[in-house]
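A.B. asks: I would like the atomic coordinates for the input below:
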Amino acid sequence: MTDTVIPTATTARPRRLSFEWLGVAPFILFAVMFLILPTLYLVGAAFVGRDGQLTLDNIAGLFTEQILAAYWISIRISGASAILGALAGLAIALAIIRGRLPDGLRSAVMTFSGVASNFAGVPLAFAFISTLGRLGLVTIILKTVFDIDIYRAGFNILSFWGLTLTYLYFQIPLMILMIAPAIDGLKREWSEASQTLGATPLQFWLYVGFPILWPSFLGTLSLLFANAFGAIATAYALTGSSLNIVPILLYAQIRGDALQNPGLGAALALGMIIITAAANILYLVISARAERWMR
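C.D. replies: Coordinates of the predicted model:
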């Protein structure tokens, strides 16, 4: 006699909303309200003229000489501050993580980097004017003590290099924070194995260390570029309208003065979104590849 199995009907339980989603709900709400909806509004406004009709004049206005020059100088400043910030940040991060420096120094540098990477806007502009302006502290000390007049030598805090130098204040700390995990991923065993095989420290970094860090370096470089390209408060507080960059030109189009053209301002913002989005997508793609090396 064999046992018979009687099939029983099972009722499917309704799937309940996981409580984990409640944790990300504020982020989703914030992203929708302050990122997705404003972006959709700008896309629509960029194709609407002063009369409320659909038009391509705003997009065509992006290719005028003044606006192309603004985009070009913005790209140059963003590129220069990103490259210099990435190189300086990489050197500092290697020194505090792989170097033979006191252990407490790393904690101090990382803490300062977390604060300095978010220090921008009017306070940062005022700090640099007070330090490197024509009557700034460092400017006066160099002139009176060392007989060095940096302004007579061609430096100007309100110029291309002045703004680039100011951006480095938050670009270098951001680079340190972003590249530190990749440097931590370099196992000590790799360096010891290379030394056992007779490789010098320079050969280790040329053939092992830097090739592994290269994808992370490129990804962070693109993130630094996007970070500088979208900065407006520091640039406007420091240079006003003396430097023709896209964020300042955008502000002039929407603030309501004689240059007001909301449609053109939306088109300018749309161009900035495309450039920064491309830089961020590049960062995500390169970072995904870099994680494969660290596994």
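A.B. asks: contacts, neighbours, all on C-alpha from now
C.D. replies: OK.
A.B. asks: packing partners of the helix or strand residue 81 falls within?
C.D. replies: Assigned by DSSP states H and E, residue 81 belongs to helix 65-97. Helix 65-97 sits against helix 103-116, helix 160-184, helix 210-229, helix 246-254, with contacts defined as 3 or more C-alpha pairs under 8 Å, 6 or more residues apart in numbering; DSSP states H and E.
A.B. asks: is residue 158 in a helix, a strand, or coil?
C.D. replies: The local conformation at residue 158, judged by DSSP: H, G, I helix; E, B strand; the rest coil, is coil.
A.B. asks: hang on, the earlier thing: got the angle between the helix holding residue 81 and helix 103-116?
C.D. replies: Angle of helix 65-97 versus helix 103-116, following axes from the mean of the first three to the mean of the last three C-alpha atoms, to 10 degrees, is 160 degrees.
A.B. asks: returning to what we had before: out of the helices and strands packed on helix 65-97, which comes closest to residue 58?
C.D. replies: Comparing the helices and strands packed on helix 65-97 by their distance to residue 58 (C-alpha to C-alpha), the top pick is helix 246-254, with 11.7 Å.
A.B. asks: what's the first helix or strand after the closest one?
C.D. replies: Remark: after helix 246-254, the chain's next helix or strand is helix 262-294, criterion DSSP H and E.
A.B. asks: for that next one, buried residues please.
C.D. replies: By 16 or more other C-alpha atoms under 10 Å, the buried positions in helix 262-294 come out as 262-273, 275-276, 279-280, 282-284, 286-287, 290.
A.B. asks: show me the contacts for the most centrally placed residue in the chain.
C.D. replies: In the chain, the residue lying closest to the centroid (C-alpha atoms, centre = their mean) is residue 227, at 2.5 Å. Contacts for residue 227 (C-alpha atoms under 8 Å, 6 or more residues apart in numbering) come out as residue 78.
A.B. asks: and with 10 Å instead?
C.D. replies: By C-alpha atoms under 10 Å, 6 or more residues apart in numbering, the contact list for residue 227 reads 78, 81, 82, 167, 170, 171, 174, 221, 276, 279, 280.
A.B. asks: just the closest of these to residue 26, please.
C.D. replies: Distance to residue 26 across the contacts of residue 227 (C-alpha to C-alpha) is lowest for residue 280, with 22.3 Å.
A.B. asks: separation between the closest residue to the closest one other than its chain neighbours and residue 121?
C.D. replies: Distances taken as C-alpha to C-alpha, 6 or more residues apart in numbering place residue 223 nearest to residue 280, at 6.0 Å, with adjacent residues excluded. In this view, residue 223 and residue 121 are 19 Å apart by C-alpha to C-alpha, to the nearest Å.
A.B. asks: neighbour count: the two, which is higher?
C.D. replies: residue 223 (26 against 16; other C-alpha atoms under 10 Å).
A.B. asks: residue 125: which of the helices and strands packed on helix 65-97 is closest?
C.D. replies: Across the helices and strands packed on helix 65-97, closest to residue 125 is helix 160-184 (C-alpha to C-alpha), at 7.5 Å.
A.B. asks: how about the closest one: buried residues?
C.D. replies: Within helix 160-184, the residues that count as buried by 16+ other C-alpha under 10 Å are 160, 162-180, 182-183.
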